[in-house]
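[1] Predicted model and sequence below, questions to follow.
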Amino acid sequence: MSSSAASPERLFADLSLWLADQTLHSSDAAPLVTELCLRLRALDLPIIRLQVSFNVLHPLYDASVIRWTVAGGTETESFTAAQRMSAGFQNGPIAHALRHRVPVIRRRLVGPGALNDFPVLDEFRDAGGTDYLLLVEVFDAVAQRGLACSWIGDRPGGFTDVDIGHMQAITRSLAIAMNARIERTIARNVAIAYLGPEAGNAVLKGSIRRGDGEKIGVALWYSDLRRSTRLYNNLAVEDFLQVINRYFEMTAGAVFDAGGEVVQFVGDAVLGYFRVDGDPSIACTKALGAAEEARRRAAAFAPGPGEEPLEFGISLHLGQVIYGNLGVPERLQFSLIGSAVVEVVRVQDMTKRLNCNLLATGTFASAVARKWKSMGEHELRGFDQTRHLFTPEPVAGEPAAPTTEFATVPQAG
């Protein structure tokens, strides 16, 4: 039987089968929703908007939305927990359905049977909508995970009972297809949040065996917070964690913003790197930019009453490391190892002794087209030969990198 002769029921059944087949594919969710809506419009389902909302497990966001409109196409948004607690959301139909565990909400937007008891419905009516249908599919009732599909139609008489039956069947099939994609998204979010983008993607691609790794050239970036022990002893737990996270936003945040990776938080220290692909000056310039941005963020921080300025040292080095999957079979971690890592840590120790908050090795400085001030030759613990250390000269119009006075103390060991 040809498509032109097929009954509407057969065509919608075929559409459900198509959605079921999409479960096996790993394509993004937004194109799937776009294709679905175009197919539904071709089957004369009078929809002008479909919004698919679902929970996500992400350090920053609580939920994601894929929204298709006949006029504007498809867009994706993410929402924080605070945004989901806003009056606009809490007074809407989705929050009502989730709060009261209502699987279906249907509202006619025009005509004698119109009931616009949610403020957002007026917006839908003004955009040309005549009928609104919300369908909720639950994946995990305990974890309160699921998917909500809100449909808006523009037929003068609203959705028919047959339309609603088709939308219920399609929503169930879409939920099955989306659940697999949501699980993959959650896995990627967790892997990237805890391992970093490069290591997280490597793990998801199968690099999970101990010993997986490679030798790479990197511009190393290392910072350490000053007075952390005193802060730990003098602050309440919540206040101390707030200080630490603010420091990480200044330092690790600057590394990420410059295109680098943070491979480890070692207590209150940050170990980051910029991979060398060809010209090392590119990676080193990014690393230096991240260091100077971190210093700018620290200088811009205005301590509150009773708070102290945040001070930290940063060291930069260019070298080769082994980037690999290390540990024991029960607990693995992607990390950097090698003498270059030890060296950048030792150079950061020198920021205290030289009263200079930003130091680079000669290897690093020679790779960046920038004026450098020599800080002399120095012995680094664990290394036989001295190292020539440098600090960047300030760019015209910018203040010099701040320094802090520290007492010179003997190094243990």
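    That came through, no problem. Numbering: from 1, shown residues only.

[2] Name the next helix or strand following the lowest-mean-pLDDT helix or strand in the chain along the chain.
    Of all the helices and strands that make up the chain, the one with the lowest confidence by mean pLDDT, DSSP states H and E is helix 197-204; it has a mean of 62. Downstream of helix 197-204, the first helix or strand assigned by DSSP states H and E is strand 213-225.

[3] Now the element after that following strand, going C-ward?
    helix 228-234.

[4] Using PDB, list the CA coordinates for that following helix.
    C-alpha atoms of helix 228-234 as PDB (Å, rounded to 0.1, in the frame of the first residue of the first chain):
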ATOM      1  CA  SER A 228      44.700  28.000  53.500                       C
ATOM      2  CA  THR A 229      45.500  26.400  56.800                       C
ATOM      3  CA  ARG A 230      44.600  29.500  58.700                       C
ATOM      4  CA  LEU A 231      41.400  29.900  56.700                       C
ATOM      5  CA  TYR A 232      40.500  26.300  57.400                       C
ATOM      6  CA  ASN A 233      41.100  26.700  61.200                       C
ATOM      7  CA  ASN A 234      39.300  30.100  61.500                       C
END
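
[5] in that helix, what's buried?
    Along helix 228-234, the positions that meet the burial threshold by neighbour count (16 or more other C-beta atoms under 10 Å) are 228, 231. Where C-beta positions appear, they are placed from N, C-alpha and C, glycine not excepted.

[6] Residues touching that helix, excluding its own?
    Outside of helix 228-234, the residues that reach it under the criterion C-beta atoms under 8 Å, 6 or more residues apart in numbering are 225, 240, 243, 267, 268, 308.

[7] In contact with the first one: list those residues for me.
    If you count contacts by C-beta under 8 Å, 6+ apart, residue 225 has them with 231, 244, 247, 268, 269, 310, 311, 312.

[8] could you redo the last one with a cut-off of 7 Å?
    When the contact criterion is C-beta atoms under 7 Å, 6 or more residues apart in numbering, the partners of residue 225 are 247, 268, 312.

[9] what about the first one, which helix or strand?
    To tie it back to what came earlier, the one meant is residue 247. Using DSSP H and E, the secondary-structure element containing residue 247 is helix 237-257.

[10] So which elements touch the next helix or strand after that helix?
    If you walk from helix 237-257 toward the C-terminus, the next helix or strand you reach (DSSP H and E) is strand 261-266. Judged by 3 or more C-beta pairs under 7 Å, 6 or more residues apart in numbering; DSSP states H and E, strand 261-266 is in contact with helix 237-257, strand 269-275, strand 331-337.

[11] ok, back up a step: could you identify which of the contacts of residue 225 has the most neighbours?
    residue 247 (26 neighbours; other C-beta atoms under 10 Å).

[12] How about the contacts made by that residue?
    By C-beta under 7 Å, 6+ apart, the contact list for residue 247 reads 225, 268, 310, 312.

[13] ok, it to residue 89 distance?
    33 Å (C-beta to C-beta, to the nearest Å).

[14] same check, this time on residue 311
    Going from residue 311 to residue 89 by C-beta to C-beta gives 41 Å.

[15] can you pull up the bridge partners for residue 51?
    Note on residue 51: beta-bridge partners residue 67, residue 150, judged by DSSP bridges.

[16] Poorly predicted segments of the protein, please.
    1-6, 26-27, 57-60, 141-144, 186-213, 305-306, 329-334, 395-413 (pLDDT under 70).

[17] How about the top strand by length along it, which residues are buried there?
    Secondary structure of the chain per DSSP state E: the longest strand is strand 312-328. With burial defined by 16+ other C-beta under 10 Å, the residues of strand 312-328 counted as buried are 312-319, 321, 323-326.

[18] Closest one of the residues you listed to residue 284?
    Within the set of those, residue 318 lies nearest residue 284; the separation is 5.8 Å, counting by C-beta to C-beta.

[19] Tell me what the closest one is bridged to.
    Residues found in beta-bridge contact with residue 318 (criterion: DSSP bridges) are residue 219.

[20] wait, what's in contact with it?
    Under the criterion of C-beta under 7 Å, 6+ apart, the neighbours of residue 318 are 219, 280, 284, 363, 364, 367.

[21] How about residue 317?
    220, 340, 343, 344, 347, 361, 363, 364.

[22] In strands, which of the residues you listed fall?
    With strands taken from DSSP E, the overlap with these comprises 220, 361.

[23] Let's see which of the contacts of residue 317 end up in helices.
    Among the contacts of residue 317, the residues falling in helices (DSSP state H) are 340, 343, 344, 347, 363, 364.

[24] Tell me, how many residues neighbour the second one?
    In this case it means residue 343. Burial measure for residue 343: 21 neighbouring residues, criterion other C-beta under 10 Å.

[25] The fifth one now?
    Counted with other C-beta under 10 Å, residues neighbouring residue 363 total 18.

[26] how much space between it and residue 131?
    When C-beta to C-beta is the yardstick, residue 363 and residue 131 sit 68 Å from each other.

[27] what's the answer for residue 76, then?
    The span separating residue 76 from residue 131 equals 25 Å under the rule C-beta to C-beta.

[28] Domain map for the protein?
    Under automatic domain parsing, the residue ranges defining each domain of the chain are 3-195, 209-392.
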